[in-house]
Every structure is written in structure tokens, then in C-alpha cells.
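Participant: Pasting a predicted model and its sequence here:
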Amino acid sequence: MVDLSIDLGKGLRLANPVMTASGTFGYGLEFADVVDLNRLGAIIVKGTTLNPRQGNPYPRMAETPSGMLNAVGLQNKGVDYFISEIYPKIKDLESPLIVNVSGSQPEDYAEVCRRLSSLERVKAVEINISCPNVKQGGMAFGTTCSGAEKVTSAARESWDRHLIVKLSPNVTDITEIARAVEATGADSVSLVNTFLGMAIDVERRRPVLSTVTGGLSGPCIRPIAVRMVWQTAKSVKIPVIGLGGIMDGRDALEFLMAGASAVEIGTANFVNPSATEDVIDEISEYCNRHGIESLSELRI
Amino acid sequence: MVDLSIDLGKGLRLANPVMTASGTFGYGLEFADVVDLNRLGAIIVKGTTLNPRQGNPYPRMAETPSGMLNAVGLQNKGVDYFISEIYPKIKDLESPLIVNVSGSQPEDYAEVCRRLSSLERVKAVEINISCPNVKQGGMAFGTTCSGAEKVTSAARESWDRHLIVKLSPNVTDITEIARAVEATGADSVSLVNTFLGMAIDVERRRPVLSTVTGGLSGPCIRPIAVRMVWQTAKSVKIPVIGLGGIMDGRDALEFLMAGASAVEIGTANFVNPSATEDVIDEISEYCNRHGIESLSELRI
Amino acid sequence: MKYLLDFKLSETRPTQAGDAMLVLEPLDKEKGAAALAEARPGQFVNIQVLQSHGTFLRRPISICDADAEQGLLFLYVKDAGAATHCLCNAREGDVFSILLPLGNGFSFDETYSDALLIAGGVGIAPMLLLAKKMNEAGLSPSMLIGAVNKDRLILTEELSSVGNLYISTDDGTSGEKGFVSQHSVLCRDWKHILCCGPLPMMKGIAAIAKERGIDCQVSLENVMACGLGACLCCVEDTADKGNVCVCKEGPVFNINRLKW
Amino acid sequence: MKYLLDFKLSETRPTQAGDAMLVLEPLDKEKGAAALAEARPGQFVNIQVLQSHGTFLRRPISICDADAEQGLLFLYVKDAGAATHCLCNAREGDVFSILLPLGNGFSFDETYSDALLIAGGVGIAPMLLLAKKMNEAGLSPSMLIGAVNKDRLILTEELSSVGNLYISTDDGTSGEKGFVSQHSVLCRDWKHILCCGPLPMMKGIAAIAKERGIDCQVSLENVMACGLGACLCCVEDTADKGNVCVCKEGPVFNINRLKW
């Protein structure tokens, strides 16, 4: 029997490598009827900001070939609401909790991390420097080394547990950004966030999304994500967390073989609400069938 | 009845905005049984280099969700073979001919252009600075402004007809590259070439492609391509030629509405060999249904 | 409780103009019966259509009827796109993954004797379960349905058996000529309106309800992905809470909450 | 001449183990008859499988039989993946876009009386048309087909009627026990071998042919996209011309050209 556990360092130890991607799994509670939340490697909750955000106007979504565009724009009720209203409901889950943190300036990230520090069950933060759907901050930080470094170092100063930095794929060389955040103190990197895309309703002759552009996710972008994980895993020493269009165990294995230490399941949750558990089962089945005893053997 | 003709400048006038994307339509002859070649806006023939190239080893292709990866690597018999053996067979077509030119150094591009100058029916060259499947040159030129400028200016010096530069999407800011080649003398830009991607055969535990990475094309990447065309069309004054996953008339209209003056049909030729003609008919039908008399009215 | 279950298509009842009434049986009878028993009128399911080449996401479809005893789910599907086309042409025996029941349905209690159900187009579908549940609460609802013409009216027979049915058609080929908002039955002294149909129709009805002070619920159809309130794609900007998920807080909203 | 035509599935003949023989009729009878008349053994079609959710490209399938007079195309499909699964389970009346006939087939002329046709697995399919065309040229071909066991042998009845059939099975449940390369019929004095089957089998046969100086053609199955020689994906590295398209210069190659 394969041992699916993985230690990502600095106190982030997962029973298995399957996490939920921020913004696709709510606070976990939304899926409680159809997924055994205690089985998940970790639950990464939705993007949390210092102050409440209403997000972008409707319409926020367009279905695309093997994927979707979204322009949610970090709608959330702010970190204090998370601490007082959400955390109490999820803190007793067995799966480690990870909070995805966004902001429009480095100080915002630092302050959110500081406030989250009181929550014992939050084992890591995932610093989002790659949201394509907000006017300030977001992806702008993730597309230059200096921007990425600024946010990472601000968060690092106020967070001493595991710190993941979530990278944008909308760059010429993602390994450059990965090395920059590694040097600035990130404990791991997760990649990729969504690709900036756009869809036009040709009958109505206008963009589908209220924001014109949005973030593309789903299996459509998986080959690009796998390539970026492959390049990055060879380029940094910290663990790489792979995501981008993983729909099933086979897809997850592609990332693990490309060098990811763990994976996040995102858009698949919308298509198959039990995708996370299915992926765990399928990785397990594959490893047992191939005589693989630990995840580290998977890398090619 | 809509007038589908479009003048891209410097002698490149098309009866309609539908061209074939290089490397997906051979020299046109391969499709002669199923497409009326004389109806096409232009035929862009496969990537041509100074010397013959064997391309990369098999396997060169992987099917992906709503797309495919290829790693052909510019297999072709060289410009002299094109001039002596191919050109005579296609020169009497009514559609203008465009040769896609690749090389491993700027001088190669210049020399290929020089040799093509004798061919009267070649109304334009498309300078490929974005092939992800060759070790030298190719995409390396397309991901920096200076690289793009060097190749563009070398080609410009030996080619006085219409010069298209085909851009790589594997960059942080495609508009920056577009402006650089515009300033260096390009008469138009075509975008996007393929995205660098990768697929792993998890059962065999090895990359599917002999070259590990390859170029991703097909409708999967269309939302990103449309976004890049939208950004670029607002950023340069020269015409923008849009491509990336156009499968039908609706998709082509998306690019034309986003600001493209013309489009190229690529991977669709593999799925629907008559895609080019179908797209022409569908654009025509749409325009007539919406009372649109010329293509310039489409832009939103 | 929400259930993710496989349902087998046991029958497709052809209706007018290529639409179809799908009769679906859960493979897991026990859980299926539980899910069906929980279904409230106005709720919907999110169904995966693997048969459709270009369809990536599930499709939300309102529950037309749910018979927990017989273990049958009824979905009325309008052939309006690639995915629904595949549903309308599915084969008996085809299996579909269905997430259900989703959202909050219409609200009513035994005091709703002065309620008018108003529906148009495919929005007529959820009215069947609504009327049946009102019957169970001892009510015999009045229903007003509308369509372009007689041939586009759906479920008239079924609805007639569970309440008083009023009809309007744009061309007058059945019932009163005109839109539902112009039908004479609207002039009566209604206390509640429960409405489902095309957006312009619902906005027209909502305007009338507001003017006359009638309590009014409408069922929204915003484009959605997950159906669980996780993706935040289907939001409606509400007066009380700003952007809320139609899939979770709706699809039925009291018009007081909407910025219409 | 290549044709891009719509074909209607007129019949699916179930065969062993979930495979299927598809009998397809062109919607355009005239062009269909022309395309079928041009089909040579060893050629293939490229078929679009819109019914398959995750299938983007067409699928190349060898022509099992082509009857221009009756206007019928026969494709033997092995249920081996999402696309072929959909083909095997397609409904009568389903329409498929088919590009045909593609590639170069087997070469033979009336002197090929000392030819042995060797095939294994789904590679047996194109041998039917090959044997029939050899019959038309006045030849009665000898054929050797192999499979894991008796149940995996296909088209035995059809092939028996067009030539002399020899059989080998790995487990000896039919014909001689062992691989085709071990079958006693191979020991005869053949001048030509025409072979289609799994790569290891073809390589084994090619080695024997080389050793004994027998002229040998094999049919390759490289992964392909366009089927027209445009995408350059399916290349085989040949001794004479380097990388050439299997779809256009093949799929049948004389082993002299291969770097095996």
C-alpha cells in the first residue's frame, strides 16, 4: 500500500497530496454533503482580503472549450469575518486549513497574515500574487520579480508558519519569479493561477464578462501548467504545488511526475463535486498497481 | 451583401479575411480535393528555412483537451526546394501566397526572404519568431523585444513587399513585442503562435513528445489568443492578424470583433479539412444576417 | 442535504417542438428516494452532459417533478443548445451524474390561498411540482401560463389537474390574447405571486406586483458553474446583502431583495 | 481523389468482446460510390467522433471493406478508448464526417500468387478488402491471422470465403499454438508478405522476411492528426527520405524503407 503523505516543510504535513484550489471549494462547507472533508490533503479556502470586497458585477463567467473564464474579483467578507464566522465552523476538520490571501498592496497581505496568526489550525497561507481579476495588486505583483518579492517579503515578516506563493502563468519565464520568491522566503510555490483570457458574445457583439477579460482555468490549460511545473521544479529547491486543469487522478499524476510535491483541484470541483476524493482514490489505485510506495518515486 | 475584402497594406489585398495558418495546410495542395483553394483569402505555406530540416523525432503529437501539442520542429526541404518544386505548382492559384519563414539566426531569415523575392506571387512573408519546437532561434527571438527587432529588421532589409511578424504568446506582455516589431518595420503582426506545453504518459511514466515540450494549439487556447489580439489591436497601428483555435465562423468573428483585420485557420484544418471555406461562408452569413456591409464594422 | 447521484434515463417523453420530458431513475434507490423526498418546488439540479462534445460544465435544470415513492425525477428540457440538445436526444438507459436538490425554492404555507403562480416558456416546468406541493398543503393554486402561441404551451394537462389554469398566448390561439402581464386574472385581489419565466416577463410582473403591493417571488436563471455557492459566478446584486449566489440563496428571490 | 463526406451508420454488427463492425452509408450516394470505388486495401479513413466528449481530433481507422455498388463502407472498430468506445456504441442513424480514402495501400499485382497475408488483432480488418481485391485480380491469397485466443480472432468466416486461412493463437484454442511468426505456413516458399498488426508482431515478421529475402510490406499505425500529410505529426524515419508522413506515404511501407 502506498503512503500518500507528504511533508511540505515548516509544519505543513499532508495525509495526501490533494488540496482544494482557492475559490473553487468555498470554505469546504459548501461541499460537505458530497465530499468527506476530513480526507482531503488540505483545504485551501477562498481568497481573503483585509476588507470585505463585493467582487465584480455579473456576468462573471463564460464557458470555453474544455474550460471556463471567471471574473469573480475576490468577492469575500474580509479576514475578520473569516476569523469570527467561518473559522469556528471548520477548525475541527482533520485536514489542515490554508488561507489564500490577496491584497492591493504589500501591507494588506502582511496585515491579513498577522490577523490569521491567532488561528492555530491555519497551517499555511497561500499568497495570491496572480489574480487577474482585480484592478489593483493581484496579477501585477506576480508578473515581475520585484513585485513578487515585495509581497512575499511583507507576508513573510508577519507569518512564521508555512508560506506558499501562488504564481501567475502570464509571464515569459515563471522560473524567474519562482526563484525570486524562494529567495525572499517562500516555503513553497503553487502554480499555475488562471490565464488572462477573453470571450466575446458575437451575437450581441460585446464581451461576455462584465470586466472584459477574466481568468481561464480548466483542462484546456493543463498542458501549459504541466510544462511550467516541470520547468519550475527543476529550478527551485522548495516544494512545487501543481494545479491547472486537473480533472482526475491521471491528470494529478501528470503534475506529480512533472515534479510537483502536491496538487490542487480547482475547476474540476464545479464539474465533478467529488473530484478531490476521486483523485485521492485514483492516485492510490495507480500507485498500488504500479508498486509505488511513496510519492517521491513518481517524479520522472 | 457584405464585402469581405480587406487590404492589409503594401500590396497584400485579400478577397476575404480567411488565411491558412502555416504548418497546418501544407502547401495547399494537400487540401485541394476538399477545399477550393482559389476561394481562400491567402494561403500561408509551411515554415520554410534556408536549409532542409528533418524536424524532430517521432512522437511529435499529443491530443489534449480541446487541442493538441505538436513538436514537428520545422521539418521542410528548404527555400530552394520550395522555389523550384513547390512554387510552380501553386503559383497559378488566385489566392495570394504567403511564405512563413523561420531561421536560427537573423541572417537566415534575411537570406530566405532574398531568395523568395524572385517569386512574384508571394505577396508577403510571415516571419516566425515564435516556434517553440526548435533549439536555436524560433521562440527565443519572440520573447524579447531586442530579439524580435533583430529578426524583423534583418528580414525587412531583404524584403520590400508585405512583411508579417508572427508573435509568440509565451510572454508577459505581447503588446510590447508588437510595438517593437512595428517600430522596426513590420507591416502587420499575426498572433498567436502556439503555447509551450507538455504532456506526460502516466502509464509509461515519460513525456509523450520526443522533445518533452511542444506547442499547444486548438480551441483550448482561444480565450487567451482573443485577449492578446484585443490588447495588441489597441496598442499598434499596423493590422493585426488573429489566430488561435478558430474552429468556425463564430470563432473567427470573435477575433475580428476583438480587433483583428484578418484571421488564420490552423488546427481546425486537421479536425475539419474544409474549415477554411466553412469559415468564409459563416462570416458571410453572419454579416448578411446582421446587415454588416464591410469587415471594419465588426470591431467592438 | 445535497446528493451527487447517478440517474438512468428511463423514458423520454416527447413534447412539443423538440423539447423533452426526461424521466430519470436513481441507480441508488435509497439515496435517490431521499434526494427526491427533499426536493422543494423551485429547486434545481446540476446535470453533467458527457454526451455533448463541447460542453464542459454541468447544466442547471429546474425540477419539474420529483416522485420519491416511485423514485422518479422529472426534468423538462428545452432544446436550446448543444448540451440540452443532447439531453433531449439521450437514449433510454443513458446514465447522468446529477447533483440535487440545489438552491432554495419557492416559499409558501397553508395561508397562500390567494396566490397566483405565473410562468412562461420553460419556466412553466417548476410550477408542476409547486402546484403539487401546494395541493399537499391543502391549497388549490391558480396558475397563469403564457407562450407565443398554442403550440408553445407546455404541461397544460398536468397543471390543469392540480389547480385552476389560466392561459395567455401572444397570438390568442389559446386563452387570452396578449402577455401574461395583460391577463384579466391578474386583476383579482392576489396576496402572493410566484413567478418563473423569461427575464422581461418576470420584470413586468414584478413591476405590477410592486405597484399593487403584492408579495412576489421570482426565479432567476443566472449563468452558473458549481451550483453550490462556491464559484461565485452566478451572483445577483441584492438590496440587502450585495452580490449573493443565485444557486445558493436563490434561484427564487422575493422581489424586495432585488434591485429591479 | 480524397472525399470529405457524411456517412450514416446503417448497422452495427456486434462482434466479439465489445468490438463492432460499423456499416456506413454515404448521404451523398454519388460521391460516396466514387469514394468507395477508389478505396484500395490498406488505405484508411479519418473519422470525426463528435459523440465523444474528450475527443478533439479525428480517428484514423483502416478500411475493412468498401462496396461501391451497394454504397457501403465497413469499418471494424476495436473498443480501445473514449472515441472508439463511442463508435462501437453509436446509434443507427448517427451521422459521421469521414475523410477518405487516405494513404497508400498494399501493393500487389496478378503475379502475387506466392503472397502470404499476415495479420493480428485489429490489423486483421484491412485484410478482408485486400483479399477481395486480390480475388478480383484472379488470386486466391493465403492468410495467416493470429490472436491471443480463439475468442479474440476476428473475421474468420469472411476471410475463409476469400482465400486460404491459417490461424495461430497464443494458447492454441484455435489453429496452431504460438505466435504467427512461429506458424508452420511461414516455412513455405513465399515471395511476398503483406502484414498488418501490432508493432512487435510486424517487427518479428519483418525480421524473418529480411532473413529469408522475402519482399515484405507492413502497415504502420503512427499517431496522426490530419491524415493528409499536412501536420507532419505521424512521421516515420525512412532509409531513403528521412521523416515521411505515414498518413500520406504510408500507412503501408516496404520494409526496405524502414530503419527496423
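Facilitator: Nice, thanks for sending it over. Note that the structure is predicted; figures quoted are calculated from it, not measured.
Participant: give me the low-pLDDT residue ranges for chain C?
Facilitator: Applying pLDDT under 70 to chain C flags the ranges C:17.
Participant: what domains does the record give for it?
Facilitator: C:3-102, C:112-219 (automatic domain parsing).
Participant: ends of the longest one, how far apart?
Facilitator: Right, domain C:112-219. 18 Å (C-alpha to C-alpha, to the nearest Å).
Participant: Check whether that domain comes near chain A.
Facilitator: No - on the criterion C-beta under 8 Å from any C-beta of the partner chain, domain C:112-219 is out of touch with chain A, staying 12.4 Å away. For every residue, glycine as well, the C-beta is placed using N, CA and C.
Participant: starting at the chain centroid, how far to that domain?
Facilitator: Put simply, domain C:112-219 sits 12 Å off its chain's centre (C-alpha atoms, centre = their mean, to the nearest Å).
Participant: buried set for stretch A:36-48?
Facilitator: Across stretch A:36-48, burial judged by 16 or more other C-beta atoms under 10 Å in any protein chain shown covers A:Leu37, A:Leu40, A:Gly41, A:Ala42, A:Ile43, A:Ile44, A:Val45, A:Lys46, A:Gly47, A:Thr48.
Participant: Repeat that for stretch A:273-285.
Facilitator: Buried residues in stretch A:273-285 (16+ other C-beta under 10 Å): A:Pro273, A:Ser274, A:Ala275, A:Thr276, A:Glu277, A:Asp278, A:Val279, A:Ile280, A:Asp281, A:Glu282, A:Ile283, A:Ser284.
Participant: and if you look at stretch C:119-133?
Facilitator: C:119-133.
Participant: Based on its surroundings, how many neighbours for the residue of the stretch 101-250 of chain A found nearest chain C?
Facilitator: Nearest residue of the stretch 101-250 of chain A to chain C, counting by C-beta to the nearest C-beta: A:Gly218, 6.3 Å away. By other C-beta atoms under 10 Å in any protein chain shown, 28 other residues sit near A:Gly218.
Participant: Bridged to A:Gly215, which residues?
Facilitator: Legend: beta-bridge partners of A:Gly215 under DSSP bridges are A:Asn70, A:Leu196.
Participant: Tell me how many other residues surround it.
Facilitator: Based on other C-beta under 10 Å, the number of other residues close to A:Gly215 is 28.
Participant: can you give me the strands in the stretch 151-300 of chain A?
Facilitator: A:162-166, A:188-191, A:195-198, A:200-201, A:206-207, A:213-217, A:240-242, A:262-265 (DSSP state E, counting those that start in this stretch).
Participant: Kindly present these as TSV, with separate columns for mean pLDDT.
Facilitator: Below are the strands of the stretch 151-300 of chain A laid out as TSV (pLDDT from 0 to 100):
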stretch	mean pLDDT
strand A:162-166	98
strand A:188-191	98
strand A:195-198	98
strand A:200-201	98
strand A:206-207	98
strand A:213-217	97
strand A:240-242	98
strand A:262-265	98
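Participant: TSV please, covering these and showing distance to D:Val223.
Facilitator: Converted to TSV, the strands of the stretch 151-300 of chain A look like this (distance: least, C-beta to C-beta, whole Å):
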stretch	distance to D:Val223
strand A:162-166	35
strand A:188-191	29
strand A:195-198	27
strand A:200-201	34
strand A:206-207	37
strand A:213-217	27
strand A:240-242	26
strand A:262-265	27
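Participant: nearest to A:Ile292, of the ones you listed?
Facilitator: Distance to A:Ile292, taken as C-beta to C-beta, is lowest for strand A:262-265 among the strands of the stretch 151-300 of chain A, at 15.7 Å.
Participant: Contacts (any at all) between chain B and the closest one?
Facilitator: No - if you take C-beta under 8 Å from any C-beta as the test, strand A:262-265 misses chain B, and the best it gets is 13.0 Å.
Participant: Any chance you could list what contacts that strand?
Facilitator: A:6, A:8, A:14, A:17-22, A:24-25, A:41, A:44, A:190, A:239, A:241-243, A:246, A:252, A:255-256, A:275-276, A:279 (C-beta atoms under 8 Å, 6 or more residues apart in numbering or on different chains).
Participant: again with stretch C:202-222
Facilitator: Here stretch C:202-222 has contacts from A:58-59, C:42, C:62, C:106-107, C:118, C:123, C:126, C:179-181, C:186, C:190-196, C:199, C:234-236, C:246, C:250-255, C:258, C:260, using C-beta under 8 Å, 6+ apart.
Participant: In three-state terms, label the residue of the stretch 101-250 of chain C found nearest chain D for me.
Facilitator: Residue nearest to chain D within the stretch 101-250 of chain C (C-beta to the nearest C-beta): C:Ala225, separated by 17.3 Å. With DSSP: H, G, I helix; E, B strand; the rest coil as the basis, the three-state label of C:Ala225 is coil.
Participant: Now do A:Gly185 against D:Gly197, distance only.
Facilitator: 59 Å (C-beta to C-beta, to the nearest Å).
Participant: Can I take it that A:Cys113 is in a helix?
Facilitator: Yes - when three-state DSSP is applied, A:Cys113 is found to be in a helix.
Participant: ok, now how distant is it from chain B?
Facilitator: Distance from A:Cys113 to chain B, counting by C-beta to the nearest C-beta, to the nearest Å: 27 Å.
Participant: Please look at A:Glu182 and A:Pro239 and confirm they touch.
Facilitator: No - A:Glu182 is beyond contact range of A:Pro239, at 10.4 Å (criterion: C-beta atoms under 8 Å).
Participant: Next, the buried residues of stretch A:154-168.
Facilitator: Applying 16+ other C-beta under 10 Å to stretch A:154-168 flags A:154-156, A:158-159, A:161-168 as buried.
Participant: Specify which member of those residues is nearest to chain B.
Facilitator: Distances from chain B to these, taken by C-beta to the nearest C-beta, are shortest for A:Ser168, at 9.0 Å.
Participant: For the closest one, list the residues it contacts.
Facilitator: A:Ile129, A:Ser130, A:Pro132, A:Met139, A:Gly142, A:Thr143, A:Ile174, A:Ile177, A:Val192, A:Asn193.
Participant: ok, now with 6 Å
Facilitator: Taking C-beta atoms under 6 Å, 6 or more residues apart in numbering or on different chains, we find A:Ser168 in contact with A:Ser130, A:Met139, A:Gly142, A:Thr143, A:Asn193.
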